[in-house]
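A.B. asks: Here's my sequence, what's the structure:
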Amino acid sequence: MAGNFYNVRCGDCENEQTVFGKASTEVACAVCGTTLARPTGGKAEIDHEILETVESR
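C.D. replies: A predicted model of the protein is given here:
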């Protein structure tokens, strides 16, 4: 399975979290619960600021 992992900063609480670019479930911020990414059937729709690509496969 090929995909990228991204460091994403939550726009509400500034928490940084790693998110898989093809997430199949909704990803919530571990601190405040805001939705960071939503599945779309392929690449996930990331709603907040992407800081960097952590790993590409």
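
A.B. asks: From here on, just use CA atoms for contacts and neighbour counts.
C.D. replies: Noted.

A.B. asks: give me the beta-bridge partners of the residue nearest the centre of the chain?
C.D. replies: The residue lying closest to the centre of the chain (C-alpha atoms, centre = their mean) is residue 19, at 3.4 Å. Taking DSSP bridges as the rule, residue 19 bridges to residue 6.

A.B. asks: residues touching it, list them.
C.D. replies: Counting by C-alpha atoms under 8 Å, 6 or more residues apart in numbering, residue 19 touches 5-8, 27, 37.

A.B. asks: hmm, who's touching the longest strand along the chain?
C.D. replies: When the chain is parsed with DSSP state E, its longest strand is strand 49-56. Residues outside strand 49-56 that contact it (C-alpha under 8 Å, 6+ apart): 2-11, 18.

A.B. asks: Just put those in CSV and tack on distance to residue 42, neighbour count and pLDDT.
C.D. replies: Putting the contacts of strand 49-56 into CSV (distance: C-alpha to C-alpha, whole Å; neighbours: other C-alpha atoms under 10 Å; pLDDT from 0 to 100) gives the following:
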residue, distance to residue 42, neighbour count, pLDDT
2, 11, 7, 77
3, 10, 13, 83
4, 12, 14, 91
5, 14, 17, 94
6, 15, 21, 95
7, 19, 17, 96
8, 18, 23, 96
9, 22, 20, 97
10, 22, 23, 95
11, 24, 14, 92
18, 18, 17, 95
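
A.B. asks: just the helices in the chain please.
C.D. replies: Under the criterion DSSP state H, helices are not mapped anywhere in the chain.

A.B. asks: which stretches of it aren't confidently modelled?
C.D. replies: 1, 56-57 (pLDDT under 70).

A.B. asks: returning to what we had before: would you indicate which residues of the longest strand of the chain are buried?
C.D. replies: Neighbour-count burial for strand 49-56 flags residue 50 (criterion: 16 or more other C-alpha atoms under 10 Å).

A.B. asks: same deal with stretch 23-37?
C.D. replies: Those would be 23, 27-29, 34, 36-37, for stretch 23-37 by 16+ other C-alpha under 10 Å.
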